[in-house]
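Trainee: task: produce atomic coordinates for the following.
(one chain, ligands or ions: 1)
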Amino acid sequence: MFFSLSQGTPIVPSGRHFLQIPGPSNVPDRILRAMDHPTIDHRGPAFARLGLAILEGLKTVFATKDPVIIYPSSGTGAWEAALVNTLKPGDKVLMFETGQFAVQWRKLAERLGLVVDFVPGDWRRGVDPAVVASKLSEDKDHAIKSVMVVHNETSTGVVSRIPLIRKAIDAADHPALFMVDTISSIGSLDYRHDAWGVDVTVACSQKGLMLPPGIGFNAVSAKALAVAKTGGMPRNYWDWEEMLKNNSAGFFPYTPATNLLYGLKEAIAMLLEEGLPNVFARHDRHAEATRRAVRGWGLDILCAEPAEYSSVLTAVVMPEGHDADKLRAIILERFDMSLGTGLGKLAGKVFRIGHLGDFNDLMLMGTLSGVEMGLAAAGVPHQAGGAQAAMDFLKAE
Ligand SMILES: *Cc1c(COP(=O)(O)O)cnc(C)c1O
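Mentor: Predicted structure coming up:
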């Protein structure tokens, strides 16, 4: 039941809710139907076939020949798994303040006893490869055990350029592991675990993979596996070795999220049917249309560096003195659309438009129309015509 803020009367929404937060994203009907089956014996032969098919299919999505480990967890669990398998308390790691998710990952690392060199940032830019290069070349005795980067910073709509960061690590000839959070980029943005020399790719289900929340991933290089063999912290639930032993036959050491795995099989099929390059191009196109809308409204895009614009979401800066959460509340009430809130120090200052996952031109136009009508309803100073600018772009492309 929804209640109108203005009249205090209940509103029963009709039509479909617009879930335009940058994850969880809209779950397509095909995936919902795929999960609507009886839960099967996770030690039986039918499950083994499912397990093997998914473990193989995921390699294409992560662009890797390395194993991709699947946990029944949120993204936070997959973050933790990456660290407990490879690092021990007292180890030094290099991290970057790109936004709230980087802050959260750092907090997790510190709680596990890691010593974090946290490079400050202004939340409008990605990781500077030059800083990576200088930090690592200063580290002559190789005290830094891991470089940890958030690929798509979901709190800001900024993408860090992973291939350039890899080059910086190589240029410094530094042996640190390279770990990348692709939680909100996998399945939406071009990402290549092998070609970009990543040791641990962390991901989860509810963003570009179009699934409900509940599964986490670690793609793991041979180098990371070798480190884990003799290193890391005491662990059980997150242990890679135990997982891989069972995965070789399509099984898991404990009960997996069986029905979510039905959905994952369908998600992989959908991504490969459309073709990953087409999926990425679709995201780029919708992001460009969104930015044209934002400029048309006369508002600012939070990301300050065009080469780092996110095709997953756009964070929009509110005019001084106007509260983003009040705007979001009005848009939810009037148009039954959820937009992303400002996280951490951006609370109230930005709202985030998710344009990822199962999404098309008309869903985007509905989204942008809802924002434009909401800006008017909330009395936020803006120019009309942003949605029109997006439509003109979509028409021409
Ligand atoms: C959503 C998100 C997370 C956290 O994932 P949970 O599933 O909420 O634990 C971490 N990093 C990034 C970049 C995210 O977008």
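Trainee: pLDDT on stretch 299-306, on average?
Mentor: For stretch 299-306, the mean pLDDT works out to 98.
Trainee: can you show me the CA trace of that stretch as CSV?
Mentor: Extracted as CSV, the C-alpha positions of stretch 299-306 are listed here (Å, rounded to 0.1, in the frame of the first residue of the first chain):
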residue,chain,number,x,y,z
LEU,A,299,21.7,20.0,-14.2
ASP,A,300,25.2,18.6,-13.5
ILE,A,301,26.4,15.1,-14.0
LEU,A,302,28.5,14.1,-10.9
CYS,A,303,31.2,12.4,-12.9
ALA,A,304,33.7,15.0,-13.9
GLU,A,305,35.7,13.0,-16.4
PRO,A,306,33.9,12.1,-19.7
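Trainee: give the buried residues for that stretch.
Mentor: Within stretch 299-306, the residues that qualify as buried by neighbour count (16 or more other C-beta atoms under 10 Å) are 299, 300, 301, 302, 303. For every residue, glycine as well, the C-beta is placed using N, CA and C.
Trainee: out of these, which sit inside strands?
Mentor: Counting by DSSP state E, the members of these that fall within strands are 300, 301.
Trainee: which two among the buried residues of stretch 299-306 are spaced furthest apart?
Mentor: Spanning the widest gap among the buried residues of stretch 299-306 are 299 and 303, at 12.9 Å by C-beta to C-beta.
Trainee: where does this protein get nearest to the ligand, residue-wise?
Mentor: Nearest to the ligand in the chain, going by C-beta to the nearest ligand atom, is residue 75, at a distance of 2.6 Å.
Trainee: leaving out chain neighbours, which residue sits closest to that residue?
Mentor: Nearest-residue entry for residue 75: residue 204, 3.7 Å, with adjacent residues in sequence omitted and distances by C-beta to C-beta, 6 or more residues apart in numbering.
Trainee: just for the protein, where's the confidence low?
Mentor: 1-11 (pLDDT under 70).
Trainee: get me the contact residues on it for the ligand.
Mentor: Taking C-beta under 6 Å from any ligand atom as the criterion, the chain approaches the ligand at residues 23, 74, 75, 76, 101, 150, 154, 181, 183, 184, 204, 213.
Trainee: which residues touch the last one?
Mentor: Shown in contact with residue 213 (C-beta atoms under 8 Å, 6 or more residues apart in numbering): 24, 74, 204, 205, 206.
Trainee: between these, identify the one with the most neighbours.
Mentor: In terms of neighbour count, residue 205 stands highest of those at 31 neighbours, by other C-beta atoms under 10 Å.
Trainee: list the contacts for that residue?
Mentor: When the contact criterion is C-beta under 8 Å, 6+ apart, the partners of residue 205 are 211, 212, 213, 214, 215, 216, 260, 264.
Trainee: distance of it from residue 216?
Mentor: In this structure, residue 205 and residue 216 are separated by 7 Å, where distance is defined by C-beta to C-beta, to the nearest Å.
Trainee: repeat for residue 360
Mentor: Distance check for residue 360 against residue 216: by C-beta to C-beta, it reads 28 Å.
Trainee: hmm, back to that, can you flag the buried ones in the residues of the chain next to the ligand?
Mentor: The neighbour count (16+ other C-beta under 10 Å) marks 23, 74, 75, 76, 101, 150, 154, 181, 183, 184, 204 as buried among the residues of the chain next to the ligand.
Trainee: since that was my last question, I'll sign off now.
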